[in-house]
Every structure is written in C-alpha cells, then in structure tokens.
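>>> Kindly generate the corresponding structure for this input.
(one chain, ligands or ions: 1)
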Amino acid sequence: MGARPSDPPPASTDRPAVKLHCAGRILDLAEPVVMGVLNVTPNSFSDGGRYTNIDAAVSQGLAMQAAGAAILDVGGESTRPGADPVPVQVELDRVIPVIERLRRETDAVISIDTMKAEVMHAAVAAGAGLVNDVMGLQAEGALEAVARTDAAVCLMHMQGEPRTMQQSPQYRDVVAEVAAFLAVRVQACLDVGIAPERLCIDPGFGFGKSLDHNLELLGGLPVLTACRYPVLVGLSRKSMLAALLGRAVDERLAGSLALATAAVLGGARIVRAHDVRETLDAVRVAAAIASKLGKKDQNA
Ligand code: 9MG
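Numbering: from 1, shown residues only. This is a model prediction of the structure:
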C-alpha cells in the first residue's frame with residue numbers, strides 16, 4: 001500500500017540502517033560521515049586562471065577526501081535561494097568531466113547534486129554512486145533514471161523551488177509535514193524497485209523554511225532518525241546563521257559546526273559541509289557524546 005501524505009516515514013523497531021549501497025561501494029555509516037561540497041558552477045573557482053575549472057574542482061575534491069570526506073558531492077547547478085535553472089547540456093558539461101576524473105583518482109563515493117534525470121543517468125554512468133536530489137526525484141523521469149542504476153539516492157524535502165522558495169514558507173507542523181513528504185517519496189522509490197538499502201533522507205534545511213522552521217526541524221530530527229533510512233543534513237554556511245548571528249557567508253564556520261554537532265546528536269549520519277576537516281572533528285566529538293547518551297537512555 002502506498003504511503004498517505006500524513007504518514008511518517010515507515011518506522012521500524014530495527015536500529016537505523018548503518019550501510020548505504022552506492023553502486024558497488026558500501027558506505028559504512030556506523031559512525032557519521034562528512035560529505036564535501038564541490039560546486040562546479042561559474043565563480044566557484046576564482047583562481048586567477050592558474051587552473052581550468054575542471055583541474056581546480058578535481059584538486060579541491062581530492063583535498064576534501066584527504067581531509068576525511070567519505071562522499072564528494074559534485075554540483076553544476078546552484079540550488080541557492082533565488083538561483084535560476086541552467087540548461088541540461090551546460091550542467092552535463094560542468095559535472096561529467098569532474099566525475100570521470102575523480103572516479104579515476106579517488107575511492108570516495110561520488111555524489112551528483114542534480115534535479116535532472118538526464119544528468120543523474122550520465123553521472124552514474126561516469127562513476128557517481130549517489131544521486132543527491134533536492135527535489136526528491138519529483139522531476140519527470142527522475143525516479144526511473146535512478147531505478148535503472150544501482151546508485152543510492154538522497155531524497156530531500158523542499159517547499160517550492162529554489163527561485164522563490166524563501167519568499168513566504170508556510171507549515172502547520174513542519175516536522176510532521178516534512179516527515180510525511182519523505183515517506184511518500186520513499187514509497188515512490190520502493191514502488192519502482194529502488195532497494196531500501198539505497199535510500200537516505202534529508203529534511204532540507206533552508207529549502208522553503210524560515211529560521212523557526214529550521215530550528216524546529218533540527219529539534220525534531222529524532223522523528224526522522226528513528227526511521228530505518230539514514231538521515232543526511234546540510235547546514236553548512238546556510239542563511240539561518242545570518243539570521244541567528246548576523247554573519248557573512250565566510251564567517252559562519254563556528255555556527256556551522258554548532259549546527260553539525262546538534263544534528264549528529266539528533267541522529268544524523270551524513271553531514272554535508274564545505275569545511276570538511278573542521279566538520280569531521282565536530283562530527284566525531286558529537287558521535288562520541290551521542291554514544292554515551294544512547295547508553296544512558298538504555299540504562300534508564
Ligand atoms: C545541494 N544541497 C544544498 N543544500 C543541501 C542540503 O541541505 N541537503 C542536500 N541533500 N543537498 C543540498
């Protein structure tokens with residue numbers, strides 16, 4: 001039976017899955033991991049022309065892996081609030097050469113950050129093992145494109161679309177509505193034959209959410225992390241830190257680490273971040289604390 005919009009993601013008495021099957025690679029999530037952000041959009045690499053964009057992106061990806069990233073998330077279309085879409089061929093030209101090179105030069109899981117079915121298909125053929133879709137595979141052909149592969153998929157919640165999503169986000173109960181949406185998208189994946197071991201979910205911090213919505217979601221994270229699907233969070237440098245701290249984007253590291261710590265204490269297994277080494281330190285400390293909190297709850 002398909003999930004109804006009011007159902008939470010299918011819960012289970014099992015512990016949350018600690019492995020994610022990524023096209024032949026198995027990502028062990030017994031300890032939470034960091035996904036490094038690798039944007040391949042114009043202006044991402046303003047290096048004065050010393051490298052081409054591809055060389056610079058590959059170097060940055062390798063540096064992030066050396067800093068401890070288990071996943072490299074390659075994106076060729078901005079999903080920032082207000083961002084305009086780019087044509088499919090432009091996105092392919094940006095990301096495919098980078099994925100091919102990274103596949104040859106690293107054993108990290110490569111993720112493709114895209115909303116487009118054509119890009120998902122080509123990226124997995126080029127070596128990506130995870131499809132990171134901020135639209136939760138709602139675009140035409142996206143479910144089928146992933147179903148034809150053996151890649152993992154991250155299903156994210158977004159209210160609206162990047163161009164307009166921050167204009168006036170509204171919820172009655174943000175945690176329940178996000179959980180219900182993710183349950184529907186999980187069921188849609190299972191219905192087309194995507195195995196549960198290939199799925200992770202993401203509440204989509206900052207995607208059609210006010211500061212209050214984001215904070216409620218962070219506090220309500222255990223509702224999602226109690227389900228069998230690993231939870232990915234992206235909080236790094238997000239504008240909620242501008243609202244909370246009044247900091248410019250390049251001054252948000254401390255705030256980002258605080259949010260990453262809170263997310264891991266809430267049960268998140270994958271933390272998407274720009275500052276890999278610092279985030280991994282915070283994640284490790286939070287995971288050590290969480291292991292003691294879990295034991296205390298069990299003893300109570
Ligand atoms: C691409 N992208 C930007 N922010 C993100 C977030 O919070 N989660 C995921 N899965 N992807 C994101």
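>>> what's around the residue lying closest to Ala248 once chain neighbours are set aside, how many residues?
Nearest residue to Ala248, sequence neighbours excluded (C-beta to C-beta, 6 or more residues apart in numbering): Ala242, at 7.6 Å. All C-beta spots, glycine's among them, are computed from the backbone N, C-alpha and C. Burial of Ala242, expressed as a neighbour count using other C-beta atoms under 10 Å, amounts to 16.
>>> quick one, what contacts Ala242?
248-249, 252 (C-beta atoms under 8 Å, 6 or more residues apart in numbering).
>>> Which secondary structure state does it sit in?
helix (DSSP: H, G, I helix; E, B strand; the rest coil).
>>> Look up how far the ligand lies from it.
According to C-beta to the nearest ligand atom, to the nearest Å, Ala242 stands 15 Å off from the ligand.
>>> same deal with Ala123?
From Ala123 to the ligand the distance is 14 Å (C-beta to the nearest ligand atom).
>>> That residue belongs to a helix, doesn't it?
Yes - counting by three-state DSSP, Ala123 is located in a helix.
>>> Any idea what the residue of the chain found nearest the ligand is bridged to?
Nearest residue of the chain to the ligand: Gly234, at 2.2 Å (C-beta to the nearest ligand atom). Gly234 has these beta-bridge partners by DSSP bridges: Arg272.
>>> is it true that it touches Arg272?
Yes - assessed by C-beta atoms under 8 Å, Gly234 is found in contact with Arg272 at 3.9 Å.
>>> Between those two, tell me which one has more neighbours.
For Gly234 and Arg272, the more surrounded residue by other C-beta under 10 Å is Gly234, and the numbers stand at 29 against 25.
>>> mind listing what the more buried one touches?
202, 204-206, 271-273.
>>> Make CSV out of those residues and add pLDDT and distance to Pro169.
Formatted as CSV, those follow (pLDDT from 0 to 100; distance: C-beta to C-beta, whole Å):
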residue, pLDDT, distance to Pro169
Asp202, 98, 16
Gly204, 97, 11
Phe205, 97, 12
Gly206, 95, 10
Val271, 98, 23
Arg272, 98, 20
Ala273, 98, 23
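>>> between those residues, which is closest to Ala180?
Nearest to Ala180 out of the contacts of Gly234 is Gly204 (C-beta to C-beta; 13.5 Å).
>>> Check which helix or strand the residue nearest the centre of the chain maps to.
Nearest residue to the geometric centre of the chain (C-alpha atoms, centre = their mean): Leu232, 5.1 Å. Element membership of Leu232, judged by DSSP states H and E, is strand 232-234.
>>> Touching, the residue nearest to the centre of the chain and Met35? I think so.
Yes - because the distance of 7.0 Å satisfies C-beta under 8 Å, Leu232 is recorded as touching Met35.
>>> which residues do these two both contact?
Going by C-beta under 8 Å, 6+ apart, residues that sit against Leu232 and also against Met35 are 270-272.
>>> So which of those residues would count as near the ligand as well?
Applying C-beta under 6 Å from any ligand atom to the shared contacts of Leu232 and Met35, one finds that Arg272 fall near the ligand.
>>> Need the max-distance pair from the contacts of Gly234.
Gly204 and Ala273 (15.7 Å).
>>> Compare the two and say which is more crowded by neighbours.
A direct count of neighbours by other C-beta under 10 Å for Gly204 and Ala273 places Ala273 higher, at 29 against 26.
>>> need the contact list for that one.
34-37, 234-236, 256, 260, 279.
>>> Val223: which of those residues is nearest?
Distances from Val223 to the contacts of Ala273, taken by C-beta to C-beta, are shortest for Leu235, at 17.2 Å.
>>> if I pick the closest one, what's in contact with it?
Applying C-beta under 8 Å, 6+ apart, the residues near Leu235 are 205-206, 218, 256, 259-260, 263, 271-273.
>>> And it, what's its pLDDT?
We have a pLDDT of 98 for Leu235.
>>> What average pLDDT does stretch 25-45 get?
91.
>>> Tell me which stretches of the stretch 51-200 of the chain form helices.
Remark: helices assigned in the stretch 51-200 of the chain by DSSP state H, counting those that start in this stretch are 53-66, 88-105, 117-126, 142-147, 174-191.
>>> so can I have a markdown table of the ones you listed showing mean pLDDT and mean neighbour count?
Below are the helices of the stretch 51-200 of the chain laid out as a markdown table (pLDDT from 0 to 100; neighbours: other C-beta atoms under 10 Å):
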| stretch | mean pLDDT | mean neighbour count |
| --- | --- | --- |
| helix 53-66 | 95 | 19 |
| helix 88-105 | 97 | 19 |
| helix 117-126 | 98 | 22 |
| helix 142-147 | 98 | 21 |
| helix 174-191 | 98 | 20 |
